[in-house]
Structures are given as C-alpha cells and as structure tokens.
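Engineer: sharing a model that was predicted from the sequence below.
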Amino acid sequence: MHGLAFDCPQCNLRHSGLPALAYGEPAVHLDEAGKQRPFQKINEDFYIVEDQHFFVRVVFEIPIIGEGLSLEWGVWGSLSKANFRRYWDSFDDTDQSRIGAMFSYLSNELNGYPGSLGLRCGLFPRDDRRRPLLNLDDEQDHPLVRDHQRGITAGRAIELAMPFLHPQGRA
C-alpha cells in the first residue's frame, strides 16, 4: 500500500505504506487437538486438506477512511469441491471473472478480529491472473463485517499492521 506514511512506535523509523497482511496457509489444516491434518499445498494459491477441504488464496480489503486506500489482507477462502474445480480449470484464463461469484468461508483467524475464522463470504474471481476478492456476507454481526462496511481509521490500520511489520512480536 502506498500513500500512508507514519512514524513507527515500535522501531522509531518512518514507514511509507502498509504491507499486505498475509497468511501463508489456511487455518483449518490443524484438527481440534492441534495435530496437523494431511494436506496438499499445490502452490502459493491452492491448498487441499484430506481431499475434502479446498482453499484458494484471496484478497480481502478494508477501506481506510479519508485515505482513498484499503488495508489489504492476503487470506484464504474455502470452496466446495465443484467450485474449486471450476476455479482451478479457469485459473489461466485472462477473463476468469466470467465464472462469477462463489460461496466461501474466511479460512483464517484475522489478527485483531477474534472469531473471524469461518465467516460467510463471497469469492469473486478477477481477470488477468489477479487473486480473487473476498467480500463478507453483510448479514453477519461481527466487528470485521462492520469494519469492512464502514472502513477503519488510519490509526486502526497501522495497529493491525504492526504485528506484520514487526513479526517477532506476533502471536
């Protein structure tokens, strides 16, 4: 993200822009006991868990009020097996948006938003090999849904980005 500059309270340096807040894998690859489930990482954009859970890397954005920018998250969305196959089969198409929106669940617990794992979403493929957008179902009562609808302040965006700017403090 460009255009937002701030003095970092942690390292005392001036940062220009915020990073995309990225998660390397979907959260569901662990079972209830915390043991790793069998999974297959196809590449940076596709995961399959136990041949029954299917995930694609997506972009989720929260507008930053008054900045004309968004805080960008690199997260994972789930798809049904049929929709995963549709998305996979069209992955190299430059007009991938033609396959239309698909139902998804947010497949990461977002830092700063407890209880966000499993929120209902729409996954929207985009053209020219860009990762799909994830939009939350507005009917859910959750702080992430409200922030997605209304936007957040630049201060809140910086607060959310701090663990990604300085990962040693990240839980």
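Structural biologist: Sure, I can see it.

Engineer: read off the pLDDT value for the nearest residue to Val49 once chain neighbours are set aside.
Structural biologist: Using CB to CB, 6 or more residues apart in numbering and skipping residues adjacent in sequence, the residue nearest Val49 is Phe39, 4.5 Å away. (Glycine included, C-beta is placed from N, CA and C.) Listed pLDDT for Phe39 reads 77.

Engineer: list the beta-bridge partners for the residue nearest in space to the middle of the chain.
Structural biologist: Computing the C-alpha centroid of the chain and ranking residues by CA atoms, centre = their mean puts Val75 first, at 2.5 Å. With DSSP bridges applied, Val75 shows beta-bridge pairing to Val58.

Engineer: next, the contact list for it, please.
Structural biologist: Neighbour list for Val75: Ala22, Tyr23, Arg57, Val58, Val59, Phe60, Leu106, Ser107, Asn108, Leu110, Leu134 [criterion: CB atoms under 8 Å, 6 or more residues apart in numbering].

Engineer: on that earlier part again, my guess is the residue nearest to Val49 contacts Gln52. True?
Structural biologist: No - with contact defined as CB atoms under 8 Å, Phe39 does not count as touching Gln52 (10.8 Å).
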